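[1] I would like to see how this sequence folds:
(chains A, B, C and D)
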4 protein chains.
Amino acid sequence: MENENTIRRLKTVEGHLRGVIRMVEEDAYCIDVIRQIQAIEAALNKVSSRILEDHLNSCVITAIQGNNKKERERVLKEITEVFEMSTKV
Amino acid sequence: MENENTIRRLKTVEGHLRGVIRMVEEDAYCIDVIRQIQAIEAALNKVSSRILEDHLNSCVITAIQGNNKKERERVLKEITEVFEMSTKV
Amino acid sequence: MENENTIRRLKTVEGHLRGVIRMVEEDAYCIDVIRQIQAIEAALNKVSSRILEDHLNSCVITAIQGNNKKERERVLKEITEVFEMSTKV
Amino acid sequence: MENENTIRRLKTVEGHLRGVIRMVEEDAYCIDVIRQIQAIEAALNKVSSRILEDHLNSCVITAIQGNNKKERERVLKEITEVFEMSTKV
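    Got it, this is the predicted structure:
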């Protein structure tokens, strides 16, 4: 269910990206192209946030309530890592 | 020439994005999907930077060396705007 | 303990920021000032990541292992929110 | 004049940052601290944008209208560089 939603959103981004490629092929104004790329990035950020939300409410809860300490640490470490990376892209 | 380069880079990103859609369809691990989306965003940032570089070395030089003050102001304002937006996506 | 670490890091950032104010007062080159501001932001991002890491390994584990469903939801929602915001600043 | 404005804005950020240090000293909730740090980063982004705007309307115009090709290239390269960095912090 959540996957279908994510796929739908990513396919919308793919359509947007193809539109930008067409813009460049038709020699659109540089700044307009940059703005469209920024809009795509904003859309991708939203997709990532929704995926993280689903992840927290499924895998992370399971891992933290489980008995495997290693697994718990791994799952929490990953969240810090994607957070850290999100400030860099 | 610069356009061909941009198109090639954007098509690579499109291929990458299709790969991510396939990952989600095949139920890949959430964090791996987020990491791939972040990689796509990093690639898009590079494309934007290259487009801006070309733009500065063509349109912006022309506008600033030209006699149209309005045009000059417009071109410089756009650069501040995409810079400001880049800190938000 | 973690707090002392965070305070030490934030005070370093404060010193860096005061250095940038001094640069502007002494009429430093604009681009150098922008670069120093970007360095400060990178340092702040690192502080946020460390705080999030500590938070995940304390409050979040406690909330998820606890019996309060509302609290659990609140704690997970906050993480999505700071992640989402991190892609915008 | 622009400098005074920048100094005033940066001193406001400094006050904000000192407030965050106090929050940590008083053991404030982690997520609230992260949110305040993100607010500081948003404020710093605005300062950078204003500095860039002034820079474009002074040094960059002078360099592009001048006869020194090396200087022109240097000034334009710097703008691409701070733009590229802005997508990473």
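[2] How about the residues of chain A by chain D?
    Residues of chain A found near chain D (CB under 8 Å from any CB of the partner chain) are A:87, A:88, A:89. C-beta: built from backbone N, CA, C; applies to glycine.
[3] Next up, the contacts around the first one.
    Residues in contact with residue A:87, defined by CB atoms under 8 Å, 6 or more residues apart in numbering or on different chains, are C:45, C:48, C:49, C:86, C:87, C:89, D:89.
[4] For residue C:7, see how far away the fifth one is.
    When CB to CB, to the nearest Å is applied, the distance between residue C:87 and residue C:7 equals 27 Å.
[5] returning to that earlier point: among the residues of chain A next to chain D, which one has the lowest pLDDT?
    Of all these, residue A:89 has the smallest pLDDT value, namely 77.
[6] State the phi and psi torsions of the closest residue to that residue other than its chain neighbours.
    Spatial nearest neighbour of residue A:89, chain neighbours left out: residue B:41 (4.2 Å); criterion: CB to CB, 6 or more residues apart in numbering or on different chains. Backbone torsions for residue B:41, taken as degrees, to the nearest 10, come to phi -60, psi -40.
[7] and the strand or helix carrying residue A:18, does that touch chain B?
    According to DSSP states H and E, residue A:18 maps onto helix A:2-25. Yes: for helix A:2-25 and chain B, the contact criterion (CB under 8 Å from any CB) is met by A:3, A:6-7, A:10-11, A:13-14, A:17-18, A:20-21, A:24-25.
[8] What pLDDT does the model give residue A:1?
    With respect to pLDDT, residue A:1 scores 54.
[9] Now do the same contact list for residue A:20.
    If you count contacts by CB under 8 Å, 6+ apart, residue A:20 has them with A:33, A:36, A:37, A:40, B:10.
[10] distance of it from residue D:45?
    Taking CB to CB, one finds residue A:20 at 25 Å from residue D:45.
[11] Show the contacting residues for the residue of chain A found nearest chain D.
    Residue nearest to chain D within chain A: residue A:88 (5.1 Å; CB to the nearest CB). Residue A:88 makes contact with B:42, C:45, D:88, D:89, according to CB under 8 Å, 6+ apart.
[12] give me that answer again for 6 Å
    Contacts for residue A:88 were tallied using CB atoms under 6 Å, 6 or more residues apart in numbering or on different chains; they are residue D:88.
[13] What pLDDT does the model give the residue nearest to the spatial centre of chain A?
    Nearest residue to the geometric centre of chain A (CA atoms, centre = their mean): residue A:48, 2.5 Å. Looking at residue A:48, its pLDDT stands at 97.
[14] so it sits right up against residue B:33, yeah?
    No: the pair residue A:48 / residue B:33 is not scored as a contact, 8.2 Å apart, by CB atoms under 6 Å.
[15] Next secondary structure after the strand or helix carrying residue A:38?
    Per DSSP H and E: residue A:38 is located in helix A:30-55. Counting by DSSP H and E, the element after helix A:30-55 in chain order, helix or strand, is helix A:61-65.
[16] Name the residues of that next one that are buried.
    Judged by neighbour count (16 or more other CB atoms under 10 Å in any protein chain shown), helix A:61-65 contains these buried residues: A:61, A:63, A:64.
[17] Stretch A:46-61 too?
    A:47-57, A:59-61.
[18] hmm, back to that, any chance of the buried residues of helix A:61-65 in CSV, plus distance to residue D:29 and pLDDT?
    Formatted as CSV, the buried residues of helix A:61-65 follow (distance: CB to CB, whole Å; pLDDT from 0 to 100):
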residue, distance to residue D:29, pLDDT
A:61, 21, 95
A:63, 23, 95
A:64, 19, 95
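[19] Which residue is most remote from the mean position of chain A?
    residue A:67 (29.6 Å).
[20] which SS class is that residue?
    Here residue A:67 is coil, with the state taken from DSSP: H, G, I helix; E, B strand; the rest coil.
[21] Give me the distance between it and residue C:65.
    Taking CB to CB as the measure, residue A:67 falls 11 Å from residue C:65.
[22] Also residue A:76?
    13 Å.
[23] ok, now residue A:10?
    From residue A:10 across to residue C:65, the span is 34 Å (CB to CB).
[24] And for residue A:18?
    According to CB to CB, residue A:18 stands 46 Å off from residue C:65.
[25] pull the CA atoms of stretch A:48-56 into CSV?
    Presented in CSV, the C-alpha positions along stretch A:48-56 are these (Å, rounded to 0.1, in the frame of the first residue of the first chain):
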residue,chain,number,x,y,z
SER,A,48,12.1,10.4,1.2
SER,A,49,10.3,11.9,4.2
ARG,A,50,7.2,9.6,3.6
ILE,A,51,9.5,6.6,3.2
LEU,A,52,11.2,7.4,6.5
GLU,A,53,7.9,7.9,8.2
ASP,A,54,6.7,4.4,7.1
HIS,A,55,10.1,2.9,8.0
LEU,A,56,9.9,4.4,11.6
